[in-house]
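Sharing a sequence plus its predicted fold:
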Amino acid sequence: QKEVEQDPGPLSVPEGAIVSLNCTYSNSAFQYFMWYRQYSRKGPELLMYTYSSGNKEDGRFTAQVDKSSKYISLFIRDSQPSDSATYLCAMSNTGNQFYFGTGTSLTVIP
Amino acid sequence: GAVVSQHPSWVICKSGTSVKIECRSLDFQATTMFWYRQFPKQSLMLMATSNEGSKATYEQGVEKDKFLINHASLTLSTLTVTSAHPEDSSFYICSAREGQDTEAFFGQGTRLTVV
């Protein structure tokens, strides 16, 4: 079983839709959870960083962590064509290692 | 967010030559830097982790004599691909974190093509 599971998509939505991206994980020791956005041929850009369970909101983005279910989500409200990218979830414990999902490819259609 | 600068963004080299890629943290001190390799439409593959002033820890299957990593200062790490071959062609990305419990920020990536 992989440490982190993420549906690769592709996911295609109309402009203005709410997008839900998800990851599940198996290691209950993970405490730090991140979402990155990666455009083609670019390095990943950190979108959200959360510690432990709960919600965090930043503009149109909301990250949710449910440690009891080992499930994290990223919601994008009012999606825009510029949100079209690959979204990677990542997580770590107190050690030095990050575990990444395979990424979900998102296309927002104008 | 913090800025990590990676240089060059792309490089083409001849088979058998060596290529050096630089990764700099511009506005924070990076105690730990990571080097990844990414193939098209695939996720990041961790190659090695380096702490400032220490030898890098390589992942299983990564040749440390081929991929030389130096983390000589808190703001700079370098990856040198030695005796490059076409199969080394890939997208290489670094990331850096300030402390053990902080988020990691990525560089822009370097596209290496070996001809």
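In hand now; what should we look at?

Grab the most central residue of chain B for me.
Geometric centre of chain B, nearest residue: residue B:35, 3.6 Å, by Cα atoms, centre = their mean.

For the residue nearest to residue B:75 when sequence neighbours are not counted, give the beta-bridge partners.
In space, residue B:75 comes closest to residue B:25 once its chain neighbours are excluded; the distance is 5.0 Å by Cβ to Cβ, 6 or more residues apart in numbering or on different chains. (Each C-beta comes from the backbone N, C-alpha and C, glycine too.) For residue B:25, the beta-bridge partners are residue B:4 (DSSP bridges).

thinking again about what came up before, ok, the residue nearest to the centre of chain B - contacts?
When contacts are counted by Cβ atoms under 8 Å, 6 or more residues apart in numbering or on different chains, residue B:35 touches B:23, B:46-50, B:56, B:67, B:69, B:77, B:79, B:92-94.

ranges for the strands of chain B?
B:4-7, B:10-13, B:19-25, B:32-38, B:44-51, B:57-58, B:67-73, B:76-81, B:90-97, B:105-106, B:110-114 (DSSP state E).

can those go into TSV with extra columns for distance to residue A:17 and mean pLDDT?
Putting the strands of chain B into TSV (distance: least, Cβ to Cβ, whole Å; pLDDT from 0 to 100) gives the following:
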stretch	distance to residue A:17	mean pLDDT
strand B:4-7	32	96
strand B:10-13	34	96
strand B:19-25	36	96
strand B:32-38	28	94
strand B:44-51	28	92
strand B:57-58	43	94
strand B:67-73	42	91
strand B:76-81	40	96
strand B:90-97	30	95
strand B:105-106	27	94
strand B:110-114	32	97
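
how about residue 54, what does it touch?
Answering for chain A, as no chain was given. Neighbouring residues of residue A:54 by Cβ under 8 Å, 6+ apart: A:64-65.

could you do chain B instead?
Residue B:54 sits next to residue B:71 when contact means Cβ under 8 Å, 6+ apart.

Per-residue pLDDT of it, please?
pLDDT for residue B:54: 84.
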